[in-house]
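[1] Here is my input, please return the structure:
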Amino acid sequence: MALTDQEILALCWARDQRALAAMAEQYGPYCHTVAQNVLGNPHDAEECVNDAYLAVWNAIPPAQPQHLLPYLAKATRNIALNRLAHDRAQKRDGRFHLLLDELAEVLPDEGSVEDAAAQGELLEAIQTFLREKATRAERQLFLRRYFWGDSIGELAVTFRYSESKVKSRLFRVRKRLRNYLTERGFLG
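    Sure thing, here's the model as predicted:
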């Protein structure tokens with residue numbers, strides 16, 4: 001029988017190693033998909049997922065996430081992105097860089113966002129844009145593409161759109177986001 005998030009979190013707090021098995025059983029396939037979308041390699045994705053279980057295990061306590069799936073998925077994504085950055089530094093290859101290239105027209109250069117406070121303000125502006133200026137479908141498309149790394153084909157199937165419609169909607173959202181960020185002084 002599957003444990004609830006709260007039961008798994010309680011096992012983490014009690015330092016009971018059954019929490020690791022429960023996370024793998026409950027959320028393993030989802031986390032593997034997240035890592036696979038970033039890395040494009042099943043073996044590397046599996047390693048990242050296992051590292052994410054350990055990272056969550058080590059973070060709780062003191063961390064007290066309300067919902068385990070987003071917490072674990074974000075840890076998986078971050079570990080996969082770090083792995084990708086490491087791999088790209090060594091061989092300059094990978095699938096996820098295509099997503100970053102799509103967003104490059106919208107986001108300021110790294111050098112123009114000097115400190116963590118400015119990065120936090122940029123993140124808040126993007127979140128506000130998605131919350132207030134994008135439709136629910138646009139927000140879901142944007143997050144699934146640029147946060148979770150879903151392919152255009154996967155989005156077309158999920159949203160029952162043609163691939164060209166997915167590309168077009170994402171283009172329009174990026175354009176509106178760029179205008180929004182320019183108006184607020186993040187882009188020149």
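
[2] in stretch 50-67, what's buried?
    The neighbour-count check on stretch 50-67 (16 or more other CB atoms under 10 Å) flags 50-53, 55-56, 60, 65 as buried. Every residue, glycine included, has its C-beta placed from N, CA and C.

[3] Now the residue nearest to the spatial centre of the chain: closest residue in space that isn't a chain neighbour?
    Residue closest to the average C-alpha location in the chain (CA atoms, centre = their mean): residue 147, at 3.4 Å. Once flanking residues are discounted, residue 147 sits nearest to residue 77: 7.3 Å by CB to CB, 6 or more residues apart in numbering.

[4] Off-centre distance for the helix or strand the one you found falls within?
    When elements are assigned from DSSP states H and E, residue 77 belongs to helix 68-91. Helix 68-91 sits 9 Å away from the centroid of its parent chain (CA atoms, centre = their mean, to the nearest Å).

[5] quick one: contacts of that helix?
    Helix 68-91 is contacted from outside by 5, 8-9, 23, 26-27, 30-31, 34-35, 38-39, 44-45, 47-49, 51-53, 55-56, 59, 63, 65, 93-94, 96-97, 147-149, using CB atoms under 8 Å, 6 or more residues apart in numbering.

[6] for stretch 8-27, same thing?
    With contacts defined as CB under 8 Å, 6+ apart, stretch 8-27 is touched by 2-3, 7, 49, 53-54, 56-57, 60-61, 64-65, 68-69, 72-73.

[7] By mean pLDDT, flag the weakest helix or strand of the chain.
    The helix or strand of the chain with the lowest confidence, counting by mean pLDDT, DSSP states H and E, is helix 97-104 at a mean of 64.

[8] Any stretches of the protein with poor pLDDT?
    88-101, 104-105, 107-119, 188 (pLDDT under 70).

[9] if you set the cut-off to 80 instead, what comes out?
    The model of the chain has pLDDT under 80 over residues 1, 85-120, 122-123, 147-149, 186-188.

[10] residue ranges for the helices of it, please.
    5-13, 18-39, 42-59, 68-91, 97-104, 116-132, 136-146, 152-159, 163-183 (DSSP state H).

[11] The longest one to helix 5-13, inter-axis angle?
    I take that to be helix 68-91. 60 degrees (axes from the mean of the first three to the mean of the last three CA atoms, to 10 degrees).
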